[in-house]
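*Asks:* My questions are about this predicted structure, shown below with the sequence.
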Amino acid sequence: MSDLALKVKGLEKKYHEQTVVFPIDLELQTGQVLALCGGNGAGKSTILKMIAGIVEPTQGSILVDHLSWDKNRKEYAKKIGYMPDHFSLDISLTVRELLHYYARLKKVPGQEVDKVLEKVGLVSAQNKSLESLSKGMRQRFVFAQAMLGSPKLLILDEPTNGLDPYWMKSFVDMIRDLKKENQAIIFSTHHLDIAEETADLVVFLHEGKVMESGSLAELKQQYNNLSLQQMFTRLFFQT
Amino acid sequence: MLQRMINEASPGDVIKVPAGEYSGPIVVDKPLTVQSNGAATIRGSQLDPVITVLSEQVTLDGLKIIHQSPDKDTRAILVEGNHHNLNNLTIRTDGYGIVLRDAHQSRITENTITGNADRPVSERQNGIDLFGSHDNVIANNDIIYVHDGVYMERSEDNKVTQNHVTNSRYGFHLMFTEGTILSQNQSEQNVTGAMVMGTRETSVRDNQFSEQLNHVYAQGLLLYDVQNAEVHHNVINANLVGMLIQDSKENRIYQNHVAANFIGVQLLNAEHNDIFENNFVANVVSGQAQHSAFNRVQGNYWDSHMGLDLDGDDHSEMAFRADPFFYTIVKDKPAFQIFFQAPGMVFMENLLKSDTNLWMTDTAPLIEPVTESEVENRSSSLLFIGFSVLLLLYSFYFIYFGGIRKYET
Amino acid sequence: MDIFTIMKNEIKLGFRNPWAYSFLAIFTLVSLSLLFIQSGPISDLNQYTKTTGTFMNLILYLLPLMTLLLGALSITSEKEDGRWNLLSTYPLSSFAFIAGKYAGMFIVLSVIISFGFGLSGLISAFMGQGLSFYTVLWIFIFSILLILLFLGMAVWIGAVSKNRWQALTISVGIWFLLVLAWPILLIAGLSQLPYASIQPTLEILIFFNPAELVRIFVTLYMGGGHIFGPEYYQWIEWFHKPAGALFFMLVCMVWVLGSVGLTIWKWERNRRHV
Amino acid sequence: MKRKLILFIASLTVFMVLASCGSEEEYQPEELTDVDRCEVCNMAVPHDHNATQIVLKDGKALKFDDIGCLNEWITENGTDDVGAQFVRDYHTEEWINLEEATFVYDKDFKTPMAYGIFSFKNADDAEKFLDEQGTGKLMTPDDLADHHWERNMEMMKQMKEMMKDNEHNHDHSSENDDEEEHAENDEQ
């Protein structure tokens, strides 16, 4: 049986009286993938940051594997892996060095490093400095970092941003592999084809509000087998 | 018993004091020689001096004198009259050591005078104390733990030479004297090496005044209200203030070596002095001066001064000026002395240089020291080399193992 | 231990980046100048000499600024570059993060000065300059204390600054205030007070300026205390006693723990308030 | 941040005001310490009857080793900033206001800078002292203003002459060691 990896209830975020995320409910089982779709400023990133524990919610509750951040943040932190959308890495270090650093901070044994390096295909580059890696390789590195310690929930913020088609393909493969291993994943994207290929659940967001949500299968049924891209166009431009 | 021997002797006799303990007070009132090979000890613990020397031509030689008294204003030896000779005495005193009152043309030589180290300096008295006593020679005495080593007041033409004073208040203290010669003496670790006050025609030469710095008002040599003094060839080092010259005029100060003091020379209201060919080296601050623009200061070597010699005469065309800025501030509000050598203060002094005409100015400072100080080729201690190596190892360790070395498998 | 992990990483980053080496080069040049400051006779009583006095000032110009810039920029860039955002999703406390960074940067800075002192020390030994061991030891202690205290201030600046530009501005401003402008400001300001309150106020203010605090106490312990004059006589006598030395160490500790503690508090408070 | 800064400045101000309350209208003499130095002549200030001091209006205390040095300072700097002047009683060495003291002068009274003036709390004591000494004159604070303030440095000249006279006939009278005594001898 599948168990609940993420349960979000009434989650809301306001900045100075301005609501950026209206109350939202989400549920995710292990082995499921949820895609948050929407344009810039839709509130995707904020929702993920709240789940990752970076941003404090104004209202609502978040449970990852039945655990809340407020109750036990250390345990909570061990249950998630987070991939930020953009940040500067310490590029003077080698892939291996930096990954080991993250592993130690996650209290994860060293062998994990080899395991995730293999998963993201960075074994051959492991002794190169991050400086010499391409953007795609660096994305893989950040992804590898999130996977350290096999967390219950992977939170990926725009994992496919600025990637070449080859890496897009391998990303899809990786998500599918992880799904097979019963991994729960929540990610944001504006590449709707990626969502279409990987997601079980899809949430369309616009200006902090949920426009449409449901399992991919339900939505397909509802929208006469339109692709997500077509659904998006209909949702935002034809109503 | 000793007194009886003296009473029974006729003038001109030589009394050889047998080894042993004697008790004072003893009075020698006729020309006699009282001597011992150091084995005779005379003790006194009364208000009277342990030995009083009167009359003429008395010689005391090789005696040991122990003077104990709760009252500091008592004396071990009191001398009056002329042509005496006090030689090779070992004196331990709670009050004065040797006191000369109207005693002239006497010689005080090779004595050792020790005060009471357990008492604070203000509760001790002077080692050798002259008042109204002229033409004496005070030489080769070793003085320690007293108030002032050699104190002279209203006395003339005395020669003080090759004495050594330490752990006392002032090494040599001259008040209202004339024609004093202070030469080849040493003063160390006193509040002031030589305190020369209200004197005329004093000669201070070839002395060494060092390590007067354990007091907030410590200095090597102080001239206050002094005229016509010749101060030369002295070595003045490692004092709080090397030379302090105040309210003094018409003095000649030359060829002194003033080194490693906190402040090299201070001139306050000093005018018309000749200050030349002195070395001022390694002082934290070379010179401070206030109201002292009108001195003839020329051809000294100031190591803090960046000189420039264009015409090749070994003198800089750029004048050295003593900045009164800090001194002026501190004079009014001594609390600001805490900014001595504060980086902001030094920065400020370099920024604000106005009205330099009224500063003490060496118009032609030397480019090189007057006499090349012995090249100090000191070998470093093993401790020092070890420490340097340790620091390097520490840094290499972290740079290599902590930083550069890549973590590989 | 997270502190050690953070610390080690900080050291590694330190010595992989060019700025550490430029600071190292500058500091080594400065400490080599120690060889050219004529040292004069060595006195056993006193390590406070022209050499130490001049050198202390050089260090005071350089080291606090170096420390402030390094420390503040390092902390601010963690925020600005988003690395802290990622790390805050880790089971990592603000305490371990800030304390680890502090310790790491301290080692980097101490390595920089050790290299400078070690190299100029060895060269001086071969040149027969014969610097006294205690002189160099005291200046080394002086530098270490400056690093410890200013680094505390630096991490605080880093935590309150919004970006690198702000951190840089505040660092330079504080350096200017504490090192260059301090005496003038105090002389100008305190002169307005009644005479009797000038000194007590000054004495208290000394404890608020690490540059002055360290300069005065190291001068004092090197045997130069009497240069501060009669007003500080009792002060100096007291601080020469073991209790005084202990008090000084305590003040330094309060500075370090206080500033680092405050930084951690501020860091933690900002943690989920982006 | 701003609020904290204001708070800091405010507390500093309060502290300074409190600190400044110490200076009252009434000027008190400051106790002598181990390191006092005469403001004028740089000598250590003795902890005896010779010490004098000026307390300025701003509360700063200036100490002197001789009343002559105090006078020297007044001559140079005036009395505009002076709050009070203190001297010490010859016998008890307690601080007394200069305006309320009685003085005795003789050029041969021995004081650190040879100004030859002693101060007394009671006029009776001063008179008694003069009787004992058999020399000197009594002065009130007002008399000080007209005093010639000469230091006795001439004395040695006279003694020198005398010594030279004595050189040949060797009849130097034996005298006891009291300073006041030989002061008498020199009075011709």
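*Replies:* Right, received. Where do you want to start?

*Asks:* Take the strand ranked longest in chain D, keep the C-alpha atoms, and write them as CSV.
*Replies:* As assigned by DSSP state E, the longest strand anywhere in chain D is strand D:82-88. Taking C-alpha atoms only, strand D:82-88 is exported to CSV below (Å, rounded to 0.1, in the frame of the first residue of the first chain):
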residue,chain,number,x,y,z
VAL,D,82,40.9,78.5,39.6
GLY,D,83,38.2,77.1,41.9
ALA,D,84,40.2,76.8,45.1
GLN,D,85,43.7,76.7,46.4
PHE,D,86,44.9,74.5,49.1
VAL,D,87,48.0,74.3,51.3
ARG,D,88,48.8,71.9,54.1
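
*Asks:* Does chain C have contacts with that strand?
*Replies:* No: for strand D:82-88 and chain C, the contact criterion (C-beta under 8 Å from any C-beta of the partner chain) is not met; the two come no nearer than 10.5 Å. Yep, even glycine has a C-beta here, placed from its N, CA and C like the rest.

*Asks:* Mind giving me the packing neighbours of that strand?
*Replies:* Under the contact definition 3 or more C-beta pairs under 8 Å, 6 or more residues apart in numbering or on different chains; DSSP states H and E, strand D:82-88 sits against strand D:52-56, helix D:67-77, strand D:95-97.

*Asks:* now those in CSV, with mean pLDDT and distance to residue B:246?
*Replies:* Putting those into CSV (pLDDT from 0 to 100; distance: least, C-beta to C-beta, whole Å) gives the following:
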stretch, mean pLDDT, distance to residue B:246
strand D:52-56, 92, 19
helix D:67-77, 88, 12
strand D:95-97, 90, 27
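
*Asks:* strands paired with the longest strand of chain D, and their directions?
*Replies:* Strand pairing for strand D:82-88, using DSSP bridges, gives strand D:52-56 (antiparallel), strand D:95-97 (antiparallel).

*Asks:* Need the winner for burial among those strands.
*Replies:* strand D:52-56 (a mean of 22; mean count of other C-beta atoms under 10 Å in any protein chain shown).

*Asks:* Check which element follows the longest helix along chain A along the chain.
*Replies:* For chain A, the helix with the greatest residue count under DSSP state H is helix A:165-180. Downstream of helix A:165-180, the next assigned helix or strand under DSSP states H and E is strand A:184-189.

*Asks:* which residues are contacting the helix or strand just after that following strand?
*Replies:* Using DSSP H and E, the helix or strand that follows strand A:184-189 towards the C-terminus is helix A:192-198. Outside of helix A:192-198, the residues within contact range by C-beta atoms under 8 Å, 6 or more residues apart in numbering or on different chains are A:33, A:35, A:37, A:160, A:168, A:171-172, A:175-176, A:179, A:189, A:202, A:216, A:227-229, A:232.

*Asks:* Could I have the buried ones of those residues as PyMOL selection syntax?
*Replies:* Those of those that count as buried under 16 or more other C-beta atoms under 10 Å in any protein chain shown are selected in PyMOL with:
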select buried, chain A and resi 33+35+37+160+168+171+172+175+179+189+202+216+228+232
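
*Asks:* Not counting its neighbours along the chain, what's nearest residue A:41?
*Replies:* residue A:207 (6.7 Å; C-beta to C-beta, 6 or more residues apart in numbering or on different chains).

*Asks:* Hmm, that neighbour is touching residue A:43, no?
*Replies:* Yes: judged on C-beta atoms under 8 Å, residue A:207 makes contact with residue A:43 at a distance of 7.3 Å.

*Asks:* Compare neighbour counts for the two and give me the winner.
*Replies:* Under the criterion of other C-beta atoms under 10 Å in any protein chain shown, the comparison of residue A:207 against residue A:43 puts residue A:43 first, with 23 against 14.
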